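Trainee: take a look and give me a structure for this.
(one chain, ligands or ions: 1)
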Amino acid sequence: MSTRDGGNQSGTHCHRYSLAEIQWATHNFDDALLIGKGGFGKVYKGFMNYGATVVAIKRLNAESKQGAEEFWSEIKTLSMLRHPHLVTLIGYSDECEEMILVYEYMANGTLADHLYKIRGKENTKNTQHLTWKQRLHVCINAARELDYLHNTGQVLCARPPVDIRDDADEEEHRSLPL
Ligand SMILES: Nc1ncnc2c1ncn2[C@@H]1O[C@H](COP(=O)(O)OP(=O)(O)OP(=O)(O)O)[C@@H](O)[C@H]1O
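Mentor: Numbering: from 1, shown residues only. This is a model prediction of the structure:
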């Protein structure tokens with residue numbers, strides 16, 4: 001494991017971006033590219049590889065309760081995991097006291113966007129209403145992901161994921177509680 005100055009403190013193959021690359025990708029953290037805000041800080045849509053790759057860039061807010069420990073822990077853990085249902089951590093930047101994480105971009109919104117979408121309301125993220133059967137499949141896949149995380153992918157990673165877009169037979173699952 002190299003030192004922080006030496007680059008990859010995570011001890012993994014996660015890519016270390018320069019701050020200049022992150023600034024280029026986010027048009028210098030332009031609010032027009034802001035796509036969300038979480039416990040870590042602001043999340044921007046970004047463009048890597050001269051615009052060819054769309055990514056989500058999380059920039060730690062100085063006031064965030066999550067700090068350096070969580071930042072390095074996220075890098076160490078996520079950069080070693082690959083699963084079709086887990087967002088991929090592409091890289092990070094720690095230049096100039098910044099703590100920035102770069103993820104693959106999820107164009108279809110979050111699970112919450114889909115679970116809580118209410119019919120008839122404005123649908124800015126173009127989410128589709130999920131049937132009860134699809135919601136059940138989401139629960140099963142979430143349980144598989146948790147198992148994968150706890151068992152480092154040894155057992156269930158090889159299983160094909162359940163297709164949550166299977167919208168067969170909604171009626172028989174209508175009485176299921178959420
Ligand atoms: N990989 C991504 N692709 C697209 N949008 C994303 C991505 N990651 C985050 N977002 C957007 O940014 C918002 C905030 O995400 P973030 O993960 O920081 O917050 P969170 O889910 O509340 O997690 P926490 O507060 O526990 O860090 C999300 O609701 C989503 O709209």
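Trainee: contacts only, for Val138.
Mentor: 111, 114-115, 130, 164 (Cβ atoms under 8 Å, 6 or more residues apart in numbering). (Each C-beta comes from the backbone N, C-alpha and C, glycine too.)
Trainee: reformat these as a markdown table; add neighbour count.
Mentor: Shown next, in a markdown table, are the contacts of Val138 (neighbours: other Cβ atoms under 10 Å):
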| residue | neighbour count |
| --- | --- |
| Leu111 | 16 |
| His114 | 18 |
| Leu115 | 13 |
| Leu130 | 20 |
| Ile164 | 19 |
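Trainee: pick out the most distant pair among those residues.
Mentor: Pairwise distances across these peak at 10.9 Å for Leu115 and Ile164 (criterion: Cβ to Cβ).
Trainee: so which helix or strand takes in Phe29?
Mentor: Using DSSP states H and E, Phe29 maps to neither a helix nor a strand.
Trainee: and it, backbone torsions?
Mentor: phi 60, psi 50 (degrees, to the nearest 10).
Trainee: what's the burial count for it?
Mentor: When neighbours are counted by other Cβ atoms under 10 Å, Phe29 registers 16.
Trainee: related to what we said a few turns ago, which one of the contacts of Val138 sits closest to Ala142?
Mentor: Nearest to Ala142 among these, with distances taken as Cβ to Cβ, is Leu111, at 8.1 Å.
Trainee: CA atoms only: put whichever strand or helix holds Ile22 into CSV for me.
Mentor: Applying DSSP H and E as the criterion places Ile22 in helix 19-25. Provided in CSV are the C-alpha atoms of helix 19-25 (Å, rounded to 0.1, in the frame of the first residue of the first chain):
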residue,chain,number,x,y,z
LEU,A,19,-8.3,17.6,-9.7
ALA,A,20,-7.8,19.2,-13.1
GLU,A,21,-9.4,16.1,-14.7
ILE,A,22,-12.4,16.3,-12.3
GLN,A,23,-12.8,20.0,-12.9
TRP,A,24,-12.7,19.4,-16.7
ALA,A,25,-15.3,16.7,-16.3
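Trainee: which strands and helices sit next to the helix or strand that comes right after that helix?
Mentor: Going down the chain from helix 19-25, the next helix or strand is strand 34-37, by DSSP H and E. Other helices and strands packing on strand 34-37, by 3 or more Cβ pairs under 8 Å, 6 or more residues apart in numbering; DSSP states H and E, are strand 41-48.
Trainee: in what helix or strand does the residue lying closest to Gly38 once chain neighbours are set aside lie?
Mentor: Nearest non-adjacent residue to Gly38, counting by Cβ to Cβ, 6 or more residues apart in numbering: Lys58, 7.4 Å away. According to DSSP H and E, Lys58 maps onto strand 53-60.
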